[in-house]
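Visitor: Got a predicted structure here, sequence first:
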Amino acid sequence: MPRVVTDYEAHLFGEGRWLDAWRKMGARPAEVGGRSGYTFVVWAPNAYAVSVLGDFNEWDEGRHPLQSLGVSGLWEAFIPNVPPGALYKFKIRSPFGVFSKADPYGLVAERPPETASVTAGFGAHVWQDAAWVADRASGGTPLDRPMAIYEVHAGSWRRNPLEGFRSLTWRELTAELVPYTAKMGFTHVELMPVMEHPFEGSWGYQVSGFFAPTSRLGSPDDFRAFVDACHGAGIGVILDWVPGHFPKDDFALAKFDGSALYEHEDPRQGEHRDWGTLIFNYGRHEVRNFLLTNALYWLESFHVDGLRVDAVASMLYQDYSREPGEWVPNKFGGRENLEAIDFLRELNTTTHGEFPGTITLAEESTAFPAVSRPTWVGGLGFTFKWNMGWMHDILTYIAKDPVYRRWEHQHLTFSMLYAFNENFVLPFSHDEVVHGKGSMMQKVPGDEWQKAATLRLLYAFMTVHPGKKLMFMGNEFGQWREWNHDDSLEWSLLEQPRHAGLQRFVQDLNALYQRQPALYEVDFAPGGFEWIDCNDHEASVISLIRRAADPEDWVVAVLNWTPIVRHSYRVGVPAPGHYAELLNSDAEVYAGGNIGNQGGLDTEPVSAHGHAQSLTLTLPPLGAVIFKLRSSNFEVQS
């Protein structure tokens, strides 16, 4: 039988440079000598015997042994007459014991709690998104495009109450989630990990099947159809991806051939005690190869538009969540994980090079420098970094009773001191509405009217603040309960005017965001932002200007963080004329009090805030108003 893996591919694998290893590793359909079946390739360098067990050979270890490829540690075989949909595992015998393992490169896994892999191919879905992919590759940088991300846990977005309250399938989500996301004006959907995982309560962040979309929601082709439908609706798809750790379940990667193969042997380097998981050994070439080819697999085989890398801080530091003596310094005596840093740089260089226009996002909570700067200037090479500091500051601020906010004003303004240090995404993510932190509605003091008004104001602030935007599902209509992965969102709340009004506001806010280049074209340079007044802490009011790439295209935003109506509030503006009120968060259609400026105002030749012209505004309580100069050069759309 001809070799499955060539000597050259085995050499590349040993160097960590076999980037399309996903095409051959694991079980893959093949035809040899006129017979159809599957090739099986697995990495088990410490094994002295490896075989394939399956329902096609009655789980008999002696029927289908694999051949060793020597020092590469790879084992391979072609097994004829194996049908698609067959269950299988690898039986590994090594000096450390005998192990039955699921396929690390398996394309489909049994539905948990079952743990076998399932034979499958690369799918039969016929893609319809060629124009989308071409535009993504040739459309220039994503930095100057709008990005309003809807973060979703697919299993709990909406459940079917007529069939045991089960999760919707990918096919059902294609019919429901895709049009909803488009209607709400989000540009991207970010999915919490869809890779196979044994424990529902991990939300997918403890992956056992890195190449297999979870069987809970349908087939890989069902997921491909979902992505295709998103692209057809103008929505990009971002996947949460977890190269930082994996679970200890004995059927998966842990001690794969009896040795610490994918993880570090030393628990000071190889174990996350907080999460009960194991840490990848980024210094091992074959492990890096596994992760790199996995990233490329999702980008190529599923056409996804980006990867959001989870828990980057835990990868960057040897002492992450460890006490003195519980971690191993690097070769220079420092705390940085040099192998992980090199891996992340290689990841970003490779994905951006192989799939131009795709993005990577770092969930990174420390002050590690240059996370979203190019590798050739010493950065990690991510496209974006989550701005956790802004998120914590603003949530701290809105948790205060408005009467005390005058003494907390720095939480509103501090982020602009570092806003352009990275390419930031502003996140209100799932992490902020679980584990006793309370829902977004619960975070805000006051009665129901004040809570809803404050959330409208908060989301307006996120939109006018430099940076791309992310909102977790349910936040858009003010879910009361903390998010529960075993439950549906509280869709019945939309029968109440305040919740329906909040949802309508987010929809209109996203539409305005996409229409106004001033709100997204210059997110990462000082020329796109200007304070009008950031010092009015006594009134708890801030005012600002956002500018497009054309500095003559701008919008003015004024935000009042108290429940007091501010009459005759003067704000300096750059030029004379009529300023149309593009958005008022207190509008009646949003269940507000309808206090505002009758659709727009003319300037007065009264100097204020360094400008010769100014507006005299009525600021709604706990409200935001956004204005634009009416001119022949830039159309005003309300």
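Guide: Done, it's in.
Visitor: Give the closest residue to S365 in space, chain neighbours not counted.
Guide: M388 (4.6 Å; C-beta to C-beta, 6 or more residues apart in numbering). Bear in mind the C-beta positions are built from the backbone N, C-alpha and C, glycine included.
Visitor: pretty sure that neighbour contacts A362?
Guide: No. Contact status for M388 versus A362: not in contact, 10.4 Å apart, counting by C-beta atoms under 8 Å.
Visitor: residues near V98, how many?
Guide: Residues within reach of V98, counting by other C-beta atoms under 10 Å, total 12.
Visitor: just the one 3 residues further on next, same as before
Guide: Number of residues near K101 (other C-beta under 10 Å) recorded here: 22.
Visitor: For it, list the residues it contacts.
Guide: With contact set as C-beta atoms under 8 Å, 6 or more residues apart in numbering, K101 has these partners: 89-90, 92, 251-252, 256.
Visitor: ok, of those residues, which one's closest to T119?
Guide: K89 (11.6 Å; C-beta to C-beta).
Visitor: quick one: the closest one from T115, how far?
Guide: Distance from K89 to T115, counting by C-beta to C-beta, to the nearest Å: 8 Å.
Visitor: What of W483?
Guide: Distance, W483 to T115, by C-beta to C-beta: 28 Å.
Visitor: Repeat that for E448.
Guide: 47 Å.
Visitor: Over to E363?
Guide: From E363 across to T115, the span is 28 Å (C-beta to C-beta).
Visitor: chain center to the helix or strand in which W75 is found, what's the gap?
Guide: W75 is located in strand 74-80, with elements delineated by DSSP states H and E. Centroid separation for strand 74-80 versus its chain: 37 Å, with C-alpha atoms, centre = their mean, to the nearest Å.
Visitor: which other helices and strands contact it?
Guide: strand 26-32, strand 35-43, strand 49-54, strand 67-68 (3 or more C-beta pairs under 8 Å, 6 or more residues apart in numbering; DSSP states H and E).
Visitor: Output the contacting helices and strands for the third one.
Guide: If you count contacts as 3+ C-beta pairs under 8 Å, 6+ apart, strand 49-54 packs onto strand 74-80, strand 87-94.
Visitor: centre of the chain versus it, how much separation?
Guide: Distance, centroid of strand 49-54 to centroid of chain: 37 Å (C-alpha atoms, centre = their mean).
Visitor: Same question for the first one.
Guide: Relative to its chain's centre, strand 26-32 lies at 33 Å (C-alpha atoms, centre = their mean).
Visitor: Same check on the shortest one?
Guide: Centroid separation between strand 67-68 and its chain, computed with C-alpha atoms, centre = their mean, is 40 Å.
Visitor: Partner strands of it and their direction?
Guide: If you go by DSSP bridges, strand 67-68 pairs up with strand 74-80 (antiparallel).
Visitor: now the second one
Guide: Using DSSP bridges, strand 35-43 pairs in its sheet with strand 26-32 (antiparallel), strand 74-80 (antiparallel).
Visitor: so which of the helices and strands packed on strand 49-54 comes closest to T616?
Guide: Short answer: strand 87-94, nearest of those by C-beta to C-beta, at 73.3 Å.
Visitor: just checking, what packs against the closest one?
Guide: Applying 3+ C-beta pairs under 8 Å, 6+ apart, one finds that strand 87-94 contacts strand 35-43, strand 49-54, strand 97-101, strand 117-118.
Visitor: and stretch 263-278, what's its mean pLDDT?
Guide: Stretch 263-278 carries an average pLDDT of 90.
Visitor: contacts for it?
Guide: 206, 245-248, 253-255, 259-260, 262, 279-281, 314, 318, 321-322, 326-328.
Visitor: nearest to L380, of the helices and strands packed on strand 49-54?
Guide: Of all the helices and strands packed on strand 49-54, strand 74-80 sits nearest to L380, with 30.8 Å by C-beta to C-beta.
Visitor: The nearest residue to E336 once chain neighbours are set aside and G357, how far apart?
Guide: Ranked by C-beta to C-beta, 6+ apart and with sequence neighbours excluded, the top spatial neighbour of E336 is N330, at 5.9 Å. N330 sits 34 Å away from G357, going by C-beta to C-beta.
Visitor: And G381, by the same measure?
Guide: The value you get for G381 to G357, if C-beta to C-beta is used, is 15 Å.
Visitor: between those two, who's got more neighbours?
Guide: Comparing G381 with G357 by other C-beta under 10 Å, the one with more neighbours is G381, at 24 against 18.
Visitor: need the contact list for that one.
Guide: Each residue near G381 by C-beta under 8 Å, 6+ apart is listed here: 344-345, 347-349, 352, 360, 373-375.
Visitor: count of neighbours near E58?
Guide: Neighbours of E58 under the rule other C-beta under 10 Å: 8.
Visitor: how much space between L12 and L347?
Guide: Going from L12 to L347 by C-beta to C-beta gives 17 Å.
Visitor: Now do the buried residues in the longest helix seen in the chain.
Guide: Counting residues, the longest helix in the chain under DSSP state H turns out to be helix 497-515. Neighbour-count burial for helix 497-515, with 16 or more other C-beta atoms under 10 Å as criterion, is recorded at 498-506, 508-510, 512-515.
Visitor: and what of stretch 410-424?
Guide: Neighbour-count burial for stretch 410-424 flags 411-412, 415-416, 419-424 (criterion: 16+ other C-beta under 10 Å).
Visitor: same deal with stretch 163-181?
Guide: 167-174, 177-178, 180-181.
Visitor: Low-confidence stretches in this structure?
Guide: 1, 631-638 (pLDDT under 70).
Visitor: which residue is nearest the centroid of it?
Guide: R308 (4.1 Å; C-alpha atoms, centre = their mean).
Visitor: my guess is that one meets V237, correct?
Guide: No. R308 is beyond contact range of V237, at 11.0 Å (criterion: C-beta under 8 Å).
Visitor: S540 and Y579, how far apart?
Guide: Using C-beta to C-beta, one gets 23 Å for the distance from S540 to Y579.
Visitor: What ranges does the stretch 251-400 of the chain have for its helices?
Guide: According to DSSP state H, counting those that start in this stretch, the stretch 251-400 of the chain carries its helices in the segments 267-270, 285-301, 312-316, 338-354, 388-398.
Visitor: Out of those helices, the one nearest H188 is which?
Guide: Going by C-beta to C-beta, the one of these nearest H188 is helix 285-301, 14.9 Å.
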